[in-house]
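Enquirer: What follows is a predicted protein model with its sequence.
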Amino acid sequence: MMKQCGMRVSALFIRALSLTLTLALISCGDRRVDNYLELSCPGVATDQSRSFMPLVKSGRPVLVLIDPSFSQFEKDQIAAAAASWNAINSVRGRRNFFEIENARPERVSVLKSGPNCDFTNGEFDTVSIVREVDSSFWSKVDTNSDHPPGITIRCPSRDGLTISKQATVINPGRAFSSQFRSVVMHELGHVLGLGHSCADPRKGETPSEKFVDCDQLPKNHPYRNAVMYPLLRIGEVKEELRANDVERGQCIAQNSL
Ligand SMILES: [Zn+2]
């Protein structure tokens with residue numbers, strides 16, 4: 001009996017390893033994510049100059065409102081992820097990218113009709129990190145057999161250059177708890193205005209000479225190692241920002257003042 005049981009577990013484990021998690025971004029209710037901006041910064045290669053999205057230009061840190069329904073472990077991981085981003089803001093007279101607030105329930109965004117901009121309590125300079133495990137919500141997120149553990153819904157302002165409001169939604173049940181911080185790190189990158197480290201046409205991202213196609217990158221390329229790469233393998237942990245994330249994050253810092 002014991003042996004049979006063990007085999008079943010390992011067979012399941014092998015199958016899990018072959019899957020990847022997609023880390024999603026949804027822009028303003030539709031699934032187009034091609035409202036990318038072009039920024040030029042020293043240290044950012046030309047093939048990524050169009051990997052940026054509308055920025056948060058408030059002159060203050062983005063206030064991260066943590067949904068009280070997260071566990072204490074999850075709240076701590078969110079704070080640690082925000083601290084990692086803060087540590088790379090090296091602009092002179094620097095300010096942090098993020099400030100953390102363990103929010104009262106009434107401060108946190110409420111998603112009403114799915115992954116679109118119809119949510120409450122959104123402000124241009126705040127982001128709620130919402131814990132959502134309802135399968136009816138996630139069934140509206142899932143496309144092309146992607147089952148993302150987190151999404152960031154960004155609602156650009158009319159001119160398309162800045163953000164009017166945004167919210168990040170996380171389903172902790174869709175990744176191992178050891179990956180929770182990796183997922184949050186990635187989504188907080190989107191909150192700042194970072195697109196993926198390469199364009200994934202399967203997600204509506206248009207590759208060009210200014211935004212390299214993920215499929216063209218060799219194995220172990222730095223853009224694949226980035227926290228902002230669009231896929232995270234099952235069990236893979238990315239809790240430290242990589243060179244690519246740092247270069248592009250500092251570019252955001254220089255352009256967000
Ligand atoms: Zn993403």
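Expert: Arrived safely.
Enquirer: Let me see the ranges of the helices in the stretch 1-150 of the chain.
Expert: Secondary structure of the stretch 1-150 of the chain (DSSP state H, counting those that start in this stretch): helices located at 2-17, 72-86, 135-141.
Enquirer: which SSE is the residue nearest the centre of the chain in?
Expert: Nearest to the mean C-alpha position of the chain, by CA atoms, centre = their mean, lies residue 187 at 1.8 Å. Here residue 187, judged by DSSP states H and E, is contained in helix 180-192.
Enquirer: returning to that earlier point: can you tell me which of the helices of the stretch 1-150 of the chain the model trusts least?
Expert: Among the helices of the stretch 1-150 of the chain, helix 2-17 carries the lowest mean pLDDT, a mean of 36.
Enquirer: Where does pLDDT dip in the chain?
Expert: Within the chain, the stretches with pLDDT under 70 are 1-34, 91-93, 144-145, 257.
Enquirer: For it, just list every one of the strands.
Expert: With DSSP state E as the criterion, the chain has strands at 20-22, 24-27, 62-66, 98-102, 126-131, 150-156, 163-170, 231-233.
Enquirer: Save those as CSV, and put in mean neighbour count too.
Expert: For the C-beta atoms, the positions are set from N, CA and C on the backbone; glycine is no exception. Below are the strands of the chain laid out as CSV (neighbours: other CB atoms under 10 Å):
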stretch, mean neighbour count
strand 20-22, 20
strand 24-27, 25
strand 62-66, 22
strand 98-102, 17
strand 126-131, 25
strand 150-156, 24
strand 163-170, 24
strand 231-233, 17
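Enquirer: Can I get the ones you listed in a markdown table including distance to the ion?
Expert: Listed next are those as a markdown table, based on distance: least, CB to the ion, whole Å:
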| stretch | distance to the ion |
| --- | --- |
| strand 20-22 | 8 |
| strand 24-27 | 5 |
| strand 62-66 | 17 |
| strand 98-102 | 17 |
| strand 126-131 | 14 |
| strand 150-156 | 7 |
| strand 163-170 | 10 |
| strand 231-233 | 9 |
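Enquirer: Residue 193 is nearest to which of the ones you listed?
Expert: strand 163-170 (7.5 Å; CB to CB).
Enquirer: Let me know the angle separating the closest one from strand 126-131.
Expert: 20 degrees (axes from the mean of the first three to the mean of the last three CA atoms, to 10 degrees).
Enquirer: by contact count, what packs against strand 163-170?
Expert: strand 126-131, strand 150-156, helix 180-192 (3 or more CB pairs under 8 Å, 6 or more residues apart in numbering; DSSP states H and E).
Enquirer: Could you dump those into JSON lines with distance to residue 244 added?
Expert: Shown next, in JSON lines, are the helices and strands packed on strand 163-170 (distance: least, CB to CB, whole Å):
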{"stretch": "strand 126-131", "distance to residue 244": "22"}
{"stretch": "strand 150-156", "distance to residue 244": "19"}
{"stretch": "helix 180-192", "distance to residue 244": "11"}
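Enquirer: Out of these, which gets nearest to residue 98?
Expert: Closest among these, once you apply CB to CB, is helix 180-192, at 6.9 Å.
Enquirer: follow-up on the earlier one: could you see whether the ion lies near the helix holding residue 187?
Expert: No. Figure legend: helix 180-192 not in contact with the ion (CB under 5 Å from the ion); closest approach 5.6 Å.
Enquirer: Can you tell me which helices and strands that helix packs against?
Expert: Contacts defined by 3+ CB pairs under 8 Å, 6+ apart place helix 180-192 against strand 62-66, helix 72-86, strand 126-131, strand 150-156, strand 163-170, strand 231-233, helix 243-255.
Enquirer: residues contacting residue 74?
Expert: If you count contacts by CB atoms under 8 Å, 6 or more residues apart in numbering, residue 74 has them with 131, 172, 180.
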